[in-house]
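*Asks:* Structure, please.
(one chain, ligands or ions: 1)
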Amino acid sequence: MLRSSSRLSNVDYALRGKLLLQAESLKKKNVPIVSLNIGNTEPFGLPIPSQLQEEMIQYFRQGKGHGYAPSRGIPQAIAAVQEKYKKIDVSVQTEHVFFGAGVSELARIAMDALLEKDDEVLLPAPCYPVWGAAVALAGGKPVYYLCDEHAGWHPDIHDIGRKISAKSRAILVINPNNPTGAVYEKVLLEQLANIAARHQLVILSDEIYEGVTYDDVESVPMSMLVKDTLCISFSGLSKIYRAPGLRTAWMTLSGKTKEIQSFVDGLYLLCSLRLSAPALPQYVVPSALSTDHGLKSLLQSGGRLWEQREILMKKLDMIEGLSYVKPKGAFYVFPKLSVNTFNLKDDEQFCTDFLLKKHVLLIHGKGFAWMHPDHFRIVFLADRITLGKAMDHLTDFLKEYRQE
Ligand code: PLP
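*Replies:* Below is the predicted model:
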């Protein structure tokens, strides 16, 4: 028997886990499945902006991006990222920008470079699961702090205070948030910056949904507020530019960058060990960062994502025993089911039962490190009609549903 390493025993990625396998086996039997499990833009008819497509083809034909890139990234892409930060008055040194195959890869690199065995990293609950995995695989310990549903899913500063220990090394902020769709206000981000500085924790700021906000809500980059401790910001092409298949993201170091050379050398070493991030897409980063490539029109009133959020909320409002916090950003909602009404004991079972009965794939809250069996996540990237029908199925299903 060949067993996988015991290091994987605390690692999970429910978004592509058991539920997806079940959905795939139904598809093989020709059952059509509506997959609302993952924030992947292409299957929902949201392509990479055409200008970026054209430029990439041209660069490729010019012979660019055929080889490995420099380990940290190509100079033009690094300069474009520095320029983006300069516009918000944040100075980032050239040696402090690192490109990776998605934030997913950079999260692993950052945690591998930072953590000693059993070091603790404060992660939000609920949390995008790549982070818990990155911490665990680096030998660290994820310690979850509460995001409070009654406070618009904002992080609970007191809970964070209680959970900081001598072993704490870093705190993760995901803003705008997956899975809750929350967007944090500046005052709250300042409080997070202060508490991190007080305890000399590194701030990890996952801003992959930066600017993906509705109703003129602003997402404030953490790097603007962090001065007295190290801030590592993560962003990329996956969501803002609808280009997750390009696997292109960057991480930048800002704030207190004195005495971090050994850590920077560690990041460089890990980046060189994987040779480089995908080379070709890096050539379009300057162009990507020069405009929003149609993002605003998708998000504003009447835009496609805005409309999809509207229909979703309209349908959810009519379901008894279900409540939710209106998402202000990203493309997710994390509804709550009444434990009493549905006699809930197991959220994965709920998603499995719904998949088998109505052929709609959702992900249970535990997949996002949510400890109670009462939440699940809906991705609202599908068009209005598909989404509306999927929500009608949910309404119908919940009328009868009670767990044994
Ligand atoms: N961070 C968050 C909060 C996400 O939701 C996702 C993907 O859904 C990622 C990171 C992964 O991003 P990437 O495609 O750059 O690996």
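*Asks:* Only C-alpha atoms from now on, for both contacts and neighbour counts.
*Replies:* OK.
*Asks:* nearest spatial neighbour of residue 215, skipping sequence neighbours?
*Replies:* residue 300 (6.9 Å; CA to CA, 6 or more residues apart in numbering).
*Asks:* neighbours of the one you found, just the number please.
*Replies:* Other residues near residue 300 come to 16 when the count uses other CA atoms under 10 Å.
*Asks:* In contact with it: list those residues for me.
*Replies:* When contacts are counted by CA atoms under 8 Å, 6 or more residues apart in numbering, residue 300 is found next to 214, 215, 306.
*Asks:* how does it look with 10 Å?
*Replies:* 213, 214, 215, 216, 306, 307 (CA atoms under 10 Å, 6 or more residues apart in numbering).
*Asks:* if I look at it, how far off is residue 378?
*Replies:* 20 Å (CA to CA, to the nearest Å).
*Asks:* residue in the chain nearest to the ligand?
*Replies:* residue 102 (3.3 Å; CA to the nearest ligand atom).
*Asks:* pLDDT value on that residue, please?
*Replies:* pLDDT recorded at residue 102 is 98.
*Asks:* ditto for residue 351
*Replies:* For residue 351, pLDDT reads 97.
*Asks:* hang on, isn't it packed against residue 361?
*Replies:* Yes - between residue 351 and residue 361 there is a contact under CA atoms under 10 Å: 7.2 Å.
*Asks:* Please verify my assumption that residue 106 contacts residue 98.
*Replies:* Yes - look at residue 106 against residue 98 with CA under 10 Å: they come within range, at 8.2 Å.
*Asks:* Neighbour count: these two, which is higher?
*Replies:* The neighbour comparison of residue 106 against residue 98 (other CA under 10 Å) goes to residue 98, with 27 against 24.
*Asks:* so who does the residue of the chain closest to the ligand touch?
*Replies:* Contacts of residue 102 (CA under 10 Å, 6+ apart): 208, 234-238, 244-251, 277-278.
*Asks:* what's the answer for residue 341, then?
*Replies:* 320, 321, 322, 398, 401, 402, 403.
*Asks:* in the stretch 201-350 of the chain, which spans are helices?
*Replies:* Using DSSP state H, counting those that start in this stretch, the helices of the stretch 201-350 of the chain run over 261-273, 285-290, 295-299, 304-317, 339-342, 347-358.
*Asks:* Run through who's touching the very next helix or strand once past the last one.
*Replies:* Which is helix 347-358. Of the helices and strands lying after helix 347-358 in sequence (DSSP states H and E), the nearest is strand 360-361. By CA under 10 Å, 6+ apart, the surrounding residues in contact with strand 360-361 are 15, 19-20, 22-23, 32-38, 351-355, 377-379, 387, 389-391, 393-394.
*Asks:* Type out the ChimeraX command that picks the buried ones from these.
*Replies:* Here is the ChimeraX command that selects the buried residues among the contacts of strand 360-361 (16 or more other CA atoms under 10 Å):
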select :15,19,20,23,33,34,35,36,37,38,351,352,353,354,355,377,378,379,387,390,391,393,394
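*Asks:* Now the longest helix belonging to the chain: average pLDDT?
*Replies:* Ranked by residue count and defined by DSSP state H, the top helix of the chain is helix 384-400. The pLDDT scores in helix 384-400 average 97.
*Asks:* Check stretch 248-268 too.
*Replies:* Stretch 248-268 comes out at a mean pLDDT of 97.
*Asks:* do stretch 366-374 as well
*Replies:* In this model, stretch 366-374 has a mean pLDDT of 96.
*Asks:* try stretch 299-312
*Replies:* pLDDT averaged over stretch 299-312 gives 97.
*Asks:* quick revisit: which neighbours do residue 351 and residue 361 share?
*Replies:* 19, 377.
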